[in-house]
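> here's a sequence, model it:
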Amino acid sequence: MSCGPSYRAPTMKLRNPAVVADGRWWMILVATALAAGTAGIVVMIVEADAQARTVGIAALAGALIGLAGAFVIDSLDDIVRRERDLDVRIGGRSPPPVLAVVPAERNGSGRPVTFTSPDGRVAEIYQALGRNIHLAGIRRPAKIIQLASALPGEGCTATVGDLAVGLARAGHSVAVIDGDLRQPGLHRLFAVPQVPGLTDILSGESVDFVAVPVTVPGGVELVLVPAGDVGERPAEVLSNQRCHDVIRDLALRHDYVLIDSAAVLPSADAIALAAVVDAMVLVVQADRTSWGAVVESVDRLRASGYVVDGFVLDRAKRDVPGRFLSERLRDDAKPVGSANIPSQVGGRA
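Okay, the predicted model is just below:
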């Protein structure tokens, strides 16, 4: 059995205009300070003896090397760090809205944060994320929601788990499917067996046989369909008509069906699932996901006929002392991110 590739897919090195704008002013200040220092060193070299001249030359060389290093480091930085880094046009089009900004608060239990801190601010954020997804799909019901990341290990599975608990605690009937047949993780997150699962349904088992009821804080239940026994060709399994029929059947029984899928860039698995979903959400991990990977993921989905309906910026750090950006989610009447959320709807490009 193979759990899929362990490599990181190659991505373009693409500067984010928001990051460039942030770095411009400090670079101007550094350049100004070095220019002033260089002028003083030149005067010292002209008027001093040989020993002072040597020291001055060394100082000048160090200043130039430091400045060059600053430019090189800045030019290599294309990591998404804040919400505004995602508010940049992609391929000439307006960016998808940022549906939630989740602070960097994880626990060591391996369970969803909404399990361990059901009344905390992260739980509140995920309940608001559910409302924002609903707003993003205002022109069509967003019942089947796929979440993916650009590359593996960027927080998609944890986001699916927390969103599922948030929706269930808000009174919705929720089914969760582990559609990541390369690196399945929802069974560990909810402490249930991986087998039987989705692949067993495709082999003839019923949905009711493999679906596992999970009790979440507050005494409510959601239903989890684990990945099952993973095989060699996940994309073929996920594009199978039987797989899509199972997902649609679950959507008839539940208010929401959440699907955790494999990362977009290393394989075609996420695209195979996109044909059956109502909304696609891309999870971006702050201080890890590159802007190039975001752009490449959005472009790859667009090329296949699908769009990203919104971003979730996960593990974000403080942007303003004493205040998390995510606290704006407390305003239930106002969706987070772009004001033009309705213009971003639609599962097809």
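> how much space between residue 269 and residue 229?
Using C-beta to C-beta, to the nearest Å, residue 269 is found at 16 Å from residue 229. C-beta coordinates here come from the backbone N, C-alpha and C atoms, glycine included.
> please read the previous query as pertaining to residue 122.
33 Å.
> neighbour count winner among those two?
residue 122 (21 against 15; other C-beta atoms under 10 Å).
> without its sequence neighbours, what residue ends up closest to the more buried one?
Nearest in space to residue 122, with sequence neighbours left out and distances taken as C-beta to C-beta, 6 or more residues apart in numbering, is residue 113 at 4.6 Å.
> next one: phi and psi at the one you found?
Main-chain dihedrals, residue 113, degrees, to the nearest 10: phi -60, psi -30.
> that one reaches residue 162, doesn't it?
Yes - assessed by C-beta atoms under 8 Å, residue 113 is found in contact with residue 162 at 5.7 Å.
> more neighbours, these two?
In this view residue 113 and residue 162 are compared by other C-beta under 10 Å, and residue 162 has more residues nearby, 27 against 24.
> which element is the more buried one on?
Using DSSP states H and E, residue 162 sits within helix 156-169.
> now do the helix or strand hosting residue 124: which elements does it pack against?
Here residue 124 sits within helix 121-136, counting by DSSP H and E. Here helix 121-136 touches strand 98-103, helix 113-116, helix 156-169, strand 279-285, strand 310-316, going by 3 or more C-beta pairs under 8 Å, 6 or more residues apart in numbering; DSSP states H and E.
> mind putting these into CSV with mean pLDDT and distance to residue 193?
Output for these, formatted as CSV (pLDDT from 0 to 100; distance: least, C-beta to C-beta, whole Å):
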stretch, mean pLDDT, distance to residue 193
strand 98-103, 91, 28
helix 113-116, 82, 18
helix 156-169, 93, 16
strand 279-285, 95, 25
strand 310-316, 93, 27
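> now those in JSON lines, with distance to residue 91?
What follows is these, written out as JSON lines (distance: least, C-beta to C-beta, whole Å):
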{"stretch": "strand 98-103", "distance to residue 91": "18"}
{"stretch": "helix 113-116", "distance to residue 91": "34"}
{"stretch": "helix 156-169", "distance to residue 91": "23"}
{"stretch": "strand 279-285", "distance to residue 91": "15"}
{"stretch": "strand 310-316", "distance to residue 91": "15"}
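> so which of these comes closest to residue 250?
When the helices and strands packed on helix 121-136 are compared by C-beta to C-beta, helix 156-169 sits nearest residue 250, at 12.8 Å.
> quick check: what element follows the closest one along the chain?
Counting by DSSP H and E, what follows helix 156-169 is strand 174-179.
> partners of that next one, with directions?
As defined by DSSP bridges, the strand partners of strand 174-179 come to strand 220-225 (parallel), strand 256-261 (parallel).
> return the most buried member of those.
The highest mean neighbour count among these, using mean count of other C-beta atoms under 10 Å, belongs to strand 256-261: a mean of 28.
> so where do the helices sit in the stretch 201-349 of the chain?
Secondary structure of the stretch 201-349 of the chain (DSSP state H, counting those that start in this stretch): helices located at 207-210, 234-238, 241-253, 269-274, 291-303.
> so which of the ones you listed is nearest residue 83?
The nearest among the helices of the stretch 201-349 of the chain, by C-beta to C-beta, is helix 291-303 at 12.8 Å.
> could you give the average pLDDT over that closest one?
For helix 291-303, the mean per-residue pLDDT is 94.
> pLDDT below threshold where in this protein?
For the chain, the stretches flagged by pLDDT under 70 are 1-77, 106-110, 136-140, 318-349.
> quick check: neighbours shared by residue 113 and residue 162?
122, 123 (C-beta atoms under 8 Å, 6 or more residues apart in numbering).
> my guess is residue 298 meets residue 89, correct?
No - assessed by C-beta under 8 Å, residue 298 is found out of contact with residue 89, at 10.8 Å.
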